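Asks: Show me the folded form of this:
(one chain, ligands or ions: 1)
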Amino acid sequence: MRQDWLESHQRRVVPAHCLYESTGQAQRWLAYARAWAPIHRGRDYQQLYERAYDLAWQTIGNAPFDYVGYGCGDGLKDANFFGSMPSPGQLETLRLMDISASLLIEAYQRLQSLKPEAWVVNLASMSDGLFQRSETPQRPLLLSCLGMLPTLGHRHLLPFLTGQLRPGDLLLLSANLSPSSNPTGRQHILTQYDNEPAMQWYAGYLIELGLPRDGFSCRATTQDLEGVEGGFRIQVMAHLKKELSLSLSGARINWAVDDSVDLFRSERWTSNGLRILFQTHGLQCLEALESEDQEEGLYLLQVADG
Ligand SMILES: C[S@@+](CC[C@H](N)C(=O)[O-])C[C@H]1O[C@@H](n2cnc3c(N)ncnc32)[C@H](O)[C@@H]1O
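Replies: The predicted model follows:
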């Protein structure tokens, strides 16, 4: 992980997980999420999640199952999901995974009564072998992956998730949607990333690295997602007004005045573009729930036959 960190910072790219990892960054992300994340933005979105949880419970029935929460954050959504569990004895194992120990502690406390395991992991570089499942007993797994597709990106995350699923397992996945990808539609979406709490969150990372707040400025833009119909990426670049020089484990990072640092990325899809991606990655959609404004989607998926 240290090597990845060094190499990406030498290329002036901040890996997504860095923005969440420290306690300060976790707190700044929570402040931003509470102000702007769909789940905190109104009853419509909350009902969307409640409907998705009901459908997941209907699909699982009363059968015993294992649960893994990938990138569970503060565990709010996982706790809401388990709030409507029909039969408490049916949950066999509950694993919470996130890069941020600070967020994981909050998630652990929220779900403590269900005796979770809490794992600090980097899902961007996790080897398939690390969490190999035993062949017996063949309990189904519910893999919950909420808010992660925009963060880690479809190119990495979808093949990884497909590789984790066996026939009979379920994947509950959320995605950030956009009703259109024309300039007006993109501009509307951009306001969710170009606001005060968001800027404090991105900037917090560079300040923790040692740059003063007046040592850089941040700008949010959008670009097409290559090869994905209607998809686009929100990107925040930092323009440096002061230099930063770091020395770690004998390696150096030298950022100069006028350098640009790729600080944050998040992906958006149209509903149709996303369904094509699911098919391409061998995922069959059992249920699709999309908010009325077409900005948030929740999908119950399984690996396609054959
Ligand atoms: C957008 S938040 C979503 C949190 C939560 N699932 C939710 O929907 O509210 C993304 C989460 O992914 C975690 N994360 C980011 N990169 C990660 C990585 N490489 N490995 C593991 N977790 C990561 C962050 O710490 C954060 O909790």
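Asks: Tell me which stretches of the stretch 51-200 of the chain form strands.
Replies: Using DSSP state E, counting those that start in this stretch, the strands of the stretch 51-200 of the chain run over 65-70, 91-98, 117-120, 141-145, 170-176.
Asks: Relative to the ligand, which of these is closest?
Replies: Set against the ligand and scored by Cβ to the nearest ligand atom, those come closest in strand 91-98, at 4.7 Å. (Each C-beta comes from the backbone N, C-alpha and C, glycine too.)
Asks: Would you mind listing the residues in contact with E243?
Replies: By Cβ atoms under 8 Å, 6 or more residues apart in numbering, E243 lies in contact with N254, W255, A256, V257.
Asks: Export the strands of the stretch 51-200 of the chain as JSON lines, with columns for distance to the ligand and mean neighbour count.
Replies: JSON lines is the format used below for the strands of the stretch 51-200 of the chain (distance: least, Cβ to the nearest ligand atom, whole Å; neighbours: other Cβ atoms under 10 Å):
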{"stretch": "strand 65-70", "distance to the ligand": "7", "mean neighbour count": "22"}
{"stretch": "strand 91-98", "distance to the ligand": "5", "mean neighbour count": "20"}
{"stretch": "strand 117-120", "distance to the ligand": "8", "mean neighbour count": "15"}
{"stretch": "strand 141-145", "distance to the ligand": "8", "mean neighbour count": "21"}
{"stretch": "strand 170-176", "distance to the ligand": "7", "mean neighbour count": "24"}
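Asks: could these be laid out in a markdown table, adding mean pLDDT?
Replies: Converted to a markdown table, the strands of the stretch 51-200 of the chain look like this (pLDDT from 0 to 100):
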| stretch | mean pLDDT |
| --- | --- |
| strand 65-70 | 96 |
| strand 91-98 | 96 |
| strand 117-120 | 96 |
| strand 141-145 | 97 |
| strand 170-176 | 97 |
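Asks: could I get those as TSV with distance to L152?
Replies: TSV is the format used below for the strands of the stretch 51-200 of the chain (distance: least, Cβ to Cβ, whole Å):
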stretch	distance to L152
strand 65-70	9
strand 91-98	12
strand 117-120	16
strand 141-145	9
strand 170-176	12
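Asks: Can you name the residue of the stretch 101-250 of the chain nearest the ligand?
Replies: Closest to the ligand within the stretch 101-250 of the chain is G147: 2.9 Å, counting by Cβ to the nearest ligand atom.
Asks: ok, so what distance separates the nearest residue in space to that residue that is not next to it in sequence from Q223?
Replies: Nearest non-adjacent residue to G147, counting by Cβ to Cβ, 6 or more residues apart in numbering: S174, 6.0 Å away. S174 sits 22 Å away from Q223, going by Cβ to Cβ, to the nearest Å.
Asks: T280 now?
Replies: 21 Å.
Asks: Likewise for L157?
Replies: 19 Å.
Asks: which residues are in contact with the longest helix along the chain?
Replies: If you go by DSSP state H, the chain has its longest helix at helix 43-60. Residues from elsewhere that reach helix 43-60 (Cβ under 8 Å, 6+ apart): 38-39, 77, 80-81, 84-86, 90, 140, 142, 170, 172, 286-287, 289-293, 296, 298, 300.
Asks: mind listing the helices in the stretch 51-200 of the chain by residue range?
Replies: For the stretch 51-200 of the chain, the helices defined by DSSP state H, counting those that start in this stretch cover 76-82, 101-110, 149-152, 154-164, 183-190, 196-209.
Asks: again with the stretch 201-306 of the chain
Replies: Assigned by DSSP H, counting those that start in this stretch, the stretch 201-306 of the chain shows helices spanning 271-280.
Asks: Backbone torsions only: list them for the residue in the chain sticking out farthest from the centre.
Replies: No residue in the chain sits farther from the centre than G250, which is 32.2 Å out by Cα atoms, centre = their mean. Main-chain dihedrals, G250, degrees, to the nearest 10: phi 80, psi -10.
Asks: Which positions in the strand or helix carrying A26 come out as buried?
Replies: Taking DSSP states H and E as the definition, A26 sits inside helix 23-36. By neighbour count on 16 or more other Cβ atoms under 10 Å, the buried set for helix 23-36 is Q25, A26, R28, W29, L30, A31, Y32, A33, W36.
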